[in-house]
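In: only the shape, not the letters, is given here:
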Ligand code: ATP
C-alpha cells in the first residue's frame, strides 16, 4: 500500500479530469513531470505527489528539504497550445496568492514573500517552483506547439527540526495535532485552488491576482535586502508588487523594479 492515498487527494481536490498519482519516494516531483514525454495534444492536468522527496529543488539550484513525515511535496502539470507567446513568467505569483488563500482555512496568518515563498510569522512555510517546457518537433499545422507548465509546491506540515534549514522555518500545524490524512487533504485543497488559478492566469494574466497578492505581502513597507546568492547587493524599502510581477524597492538613489530570477529578498533585520 502506498504511503499517500491518491483517493483522499482526489476527494479533497474535487476536480474533474485531474489525473492523480502518488509515489512513496522520488527525487523531485517537478523533475518527473518535466521529463515525462509530451503527447501530440495537450494532456489533461496531472498531479504527482510524493511521500518522500530526496532531491527537492528551489530556485536557482537551491535545495528544498522534506524531512520525512513533516512536509508535503507535489507538482501539477498543465498543458496548452501556444504560438509565439512569452513563457508565463509571473505564474508563481498567481499560484502563491491562490495557495495562501486556500491555506487560510488552517492558518489565516499565511503570507507571501516575493516572488515565491509562503511564510508564517516571517518563517518559511513553503515554496513554489514553476518550470516550463515546450515541444519543438511536434509543431501543429498552425505553427503551435504544446507548452507544459509544471507547478511544484513544497510545504511543511510541521516545522523542520531546528538547525536543519538555512533560514527560519515553520509548519502549517505547529503546536497542534495535524488532522488525519493531513498531507492528502492539504495537497487536495492546494490543487483545487492552484489548477483554476493557473488557467485564469493563462487567460487573463496577473491582473486578477495583484490585489490579493498585495494584501498578503509579508514585507510590504519593510526594510529589505536584495541578495545575489549570499551577497547583499542593495537595501531599501519594499514598495510591493508591480503590475508586471516585479517588486518595487525604494533605494537611496530611486525606485528599482526587480524581477524574479535576478535576486532574492530578505527582511533587513533578519540579516543583522
Ligand atoms: P528566494 O527568496 O530567492 O526564493 P530562498 O532561499 O527562499 O530564496 P528557494 O529557492 O525559494 O530559495 O527555496 C530554497 C531554500 O528554502 C533553501 O535554500 C532553504 O533555505 C529553504 N528551505 C529548504 N527546505 C525547506 C523547508 N523544508 N522549509 C523551509 N525552508 C526550506
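Out: That came through, no problem. These numbers were taken from a predicted model, which means no experiment stands behind them.
In: residue of the protein closest to the ligand, please.
Out: Here the residue of the chain nearest the ligand is residue 58; by CB to the nearest ligand atom that distance is 2.3 Å. Where you see a C-beta, it was placed from the backbone N, CA and C, and this is true even at glycine.
In: once you drop chain neighbours, what's closest to that residue?
Out: On the basis of CB to CB, 6 or more residues apart in numbering, the spatially nearest residue to residue 58 that is not a chain neighbour turns out to be residue 64, at 4.9 Å.
In: near the ligand, which residues of the stretch 101-250 of the chain?
Out: Among all residues of the stretch 101-250 of the chain, those adjacent to the ligand (criterion: CB under 6 Å from any ligand atom) are 116-117, 124, 127, 156, 160, 165-167, 169.
In: any idea which of those is closest to residue 185?
Out: Distance to residue 185 across those (CB to CB) is lowest for residue 156, with 15.1 Å.
In: one step back: now for the residues of the stretch 101-250 of the chain next to the ligand: which two are most distant?
Out: Pairwise distances across these peak at 18.3 Å for 116 and 160 (criterion: CB to CB).
In: so which of those two has more stuff around it?
Out: When residue 116 is set against residue 160 and neighbours are counted by other CB atoms under 10 Å, the residue ahead is residue 116, at 20 against 17.
In: so that one touches residue 131, yeah?
Out: No - Residue 116 is not in contact with residue 131 according to CB atoms under 8 Å; the separation is 11.8 Å.
In: residue 204: neighbouring residues, count only.
Out: 11.
In: next: residue 113.
Out: Using other CB under 10 Å, residue 113 is surrounded by 24 other residues.
In: check it and give its pLDDT.
Out: Among the per-residue scores, residue 113 holds a pLDDT of 98.
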